[in-house]
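Asker: 3D, please:
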Amino acid sequence: MALHTSAGLMILGGAALMFSWRERRQQNDWRLWTLVTIAVAGLVTTVSFWQALSAVEWLQLESRLEFRSDLPGTVLIFGLLMTALLATAVYLAQTARLRTSISERLRLMAEKEIAERKQAETALS
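Answerer: Presented below is the predicted three-dimensional model:
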């Protein structure tokens, strides 16, 4: 791994760690961290594949093969697109799950209130 890549990943990791400490003091939202983890993993994987394919292409050019491929760029664009779609799907699934649990709690509270009102009506009758 190149020195600048290692330094960049260390800075990215440190920034994520500092962000998590700051956020933990404010609130505990696990949905955000799942989304961040998926996004970072997808981006790192995509950039790694892109770099590997670019290196293979560069080696082919140095060996005087006249073969120029658009595969590295295509892999980069496809990987970034898939990462964005996966992160969006995870976020929407987590939001739906949260809203479902909230609506279930509200339904139970409403049923409890209805039962209390019916009991109060029968007591007054």
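
Asker: grab the nearest non-local neighbour of the residue nearest the centre of the chain.
Answerer: In the chain, the residue lying closest to the centroid (Cα atoms, centre = their mean) is residue 35, at 2.4 Å. Among residues not flanking residue 35 along the chain, residue 91 sits closest, at 5.2 Å (Cβ to Cβ, 6 or more residues apart in numbering). C-beta here means a position set from N, CA and C on the backbone, and glycine is covered the same way.

Asker: that neighbour against residue 33, yeah?
Answerer: No: Residue 91 is beyond contact range of residue 33, at 11.8 Å (criterion: Cβ atoms under 8 Å).

Asker: quick one on the thing from earlier: now the residue nearest to the centre of the chain: how far from residue 8?
Answerer: Distance, residue 35 to residue 8, by Cβ to Cβ, to the nearest Å: 21 Å.

Asker: just checking, what packs against the helix or strand containing residue 77?
Answerer: Assigned by DSSP states H and E, residue 77 belongs to helix 71-124. Under the contact definition 3 or more Cβ pairs under 8 Å, 6 or more residues apart in numbering; DSSP states H and E, helix 71-124 sits against helix 30-62.

Asker: what angle do the helix it packs on and helix 71-124 make?
Answerer: 170 degrees (axes from the mean of the first three to the mean of the last three Cα atoms, to 10 degrees).

Asker: now do the buried residues in helix 30-62.
Answerer: For helix 30-62, burial by neighbour count (16 or more other Cβ atoms under 10 Å) applies to 35, 38-40, 42-43, 46-47, 49-51, 53, 57.

Asker: and the average pLDDT for it is what?
Answerer: When pLDDT is averaged along helix 30-62, the result is 75.

Asker: run through this structure and note the low-pLDDT ranges.
Answerer: Applying pLDDT under 70 to the chain flags the ranges 1-3, 17, 20-30, 60-68.

Asker: try 80 this time
Answerer: Low-confidence segments of the chain (pLDDT under 80): 1-41, 44, 52-73, 76, 125.

Asker: and the residue with the largest distance to the centre of the chain, how far is that from residue 117?
Answerer: Most distant from the centre of the chain: residue 125, at 57.0 Å, with distances by Cα atoms, centre = their mean. Note on residue 125: its distance to residue 117, by Cβ to Cβ, is 13 Å.
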